[in-house]
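K.L.:
Any chance you can model this:
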Amino acid sequence: MNADIHTLYESDFYQVLDFQCRCTDCATSKPEYSDSFSIAFVRKGNFLFNVFRRSLDSYNGCILITKPGYERTVTHAHAVPDECTIFAFRNSFYRELQQRYAHTKFFSDNDLHSTLLRTNMETEFLHFTIMQLVLQRSGSKLQIDQLVMQVIDKVLGTITDYTPDARIHDRLKKQHLTTIERAKEYITGNFTQDISLMEIAGYCYVSPFHFSRIFKTFTAVSPHQYLLSIRLQHAAMLLGNSQMTVGDVAFSSGFNSIEYFTTAFRQQYKCPPAKYRTGATAR
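P.N.:
Okay, the predicted model is just below:
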């Protein structure tokens, strides 16, 4: 495949790879083989991942999970070149994963070579945080390893049979995948700021009315819900890994009211921030 693949980070049991395809047409690649178990977050573009009678429609908001040792081809379905973050795991660690998740259909069925999972705000924020730490070289080995283990738990713990979303058809993807990619980029890059719907829509070059409908179609939540979830996940991470006061955690996560933060946090995590911190410390 005509692509650039760079190793961004290497641990004892995985690598974080930056995959950037250079293809701009809809050609199908020659058959290739996966040599490691991988979890890939699709950042940009749209491609069909073809494996053993299945064609997995992959775009931003999708996580591609692939077993090693199987043949696949890729068909590019979008003018924008594909970009992915790939977590590629060593074979010794893959054997441990097979044992731990042996009860899931994906690992017990040899006919399932790859599958696709939709992201949620939690997995997207984990991916965003890991990328920030890796690119800025600001995270410790243990911190990044723990975040990657959370990705594994969240992704492999929720594997289901792949079914395409009929609402997200080819025309919609061709017109607005870039809109969603830019929107998520803007929100995750500015979640501590008091950003408005008009700002996000303007950054994406669409009207605010059109943008809200498109965003919810792709993500299943409103832009405000998406922003709130990211802020709460950032706050939960600070509560578990810092000595900041609850007030400082709230303001550092983009909230301008401790009362509103506490209410929203309780609704999301079923306990107040202080109690969550106690539980995180105990774990």
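K.L.:
shaky segments in the stretch 151-283 of the chain?
P.N.:
Filtered on pLDDT under 70, the stretch 151-283 of the chain yields the residue ranges 280-283.
K.L.:
residue ranges of the helices in it, please?
P.N.:
Under the criterion DSSP state H, counting those that start in this stretch, helices of the stretch 151-283 of the chain are mapped to 170-189, 197-203, 208-219, 223-241, 246-252, 258-269, 273-282.
K.L.:
which residues does residue 75 bridge with?
P.N.:
With DSSP bridges as the criterion, residue 75 is bridged to residue 28, residue 48.
K.L.:
Export the helices of the stretch 151-283 of the chain to JSON lines and append columns for mean neighbour count and distance to residue 3.
P.N.:
All C-beta spots, glycine's among them, are computed from the backbone N, C-alpha and C. As requested, those are exported to JSON lines (neighbours: other CB atoms under 10 Å; distance: least, CB to CB, whole Å):
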{"stretch": "helix 170-189", "mean neighbour count": "18", "distance to residue 3": "18"}
{"stretch": "helix 197-203", "mean neighbour count": "17", "distance to residue 3": "28"}
{"stretch": "helix 208-219", "mean neighbour count": "17", "distance to residue 3": "25"}
{"stretch": "helix 223-241", "mean neighbour count": "20", "distance to residue 3": "29"}
{"stretch": "helix 246-252", "mean neighbour count": "18", "distance to residue 3": "38"}
{"stretch": "helix 258-269", "mean neighbour count": "16", "distance to residue 3": "38"}
{"stretch": "helix 273-282", "mean neighbour count": "14", "distance to residue 3": "39"}
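K.L.:
could you dump those helices to CSV with distance to residue 85?
P.N.:
Formatted as CSV, those follow (distance: least, CB to CB, whole Å):
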stretch, distance to residue 85
helix 170-189, 13
helix 197-203, 22
helix 208-219, 18
helix 223-241, 17
helix 246-252, 25
helix 258-269, 25
helix 273-282, 26
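K.L.:
Indicate which one of those helices is closest to residue 131.
P.N.:
helix 170-189 (9.6 Å; CB to CB).
K.L.:
From the contact counts, what lies against the closest one?
P.N.:
strand 37-44, strand 46-51, helix 121-135, helix 197-203, helix 208-219, helix 223-241 (3 or more CB pairs under 8 Å, 6 or more residues apart in numbering; DSSP states H and E).
K.L.:
can you redo these as TSV with distance to residue 160?
P.N.:
Shown next, in TSV, are the helices and strands packed on helix 170-189 (distance: least, CB to CB, whole Å):
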stretch	distance to residue 160
strand 37-44	15
strand 46-51	17
helix 121-135	14
helix 197-203	30
helix 208-219	18
helix 223-241	21
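K.L.:
picking up where we left off before, the helices of the stretch 151-283 of the chain: which one's closest to residue 68?
P.N.:
Per CB to CB, nearest to residue 68 of those: helix 170-189, 28.8 Å.
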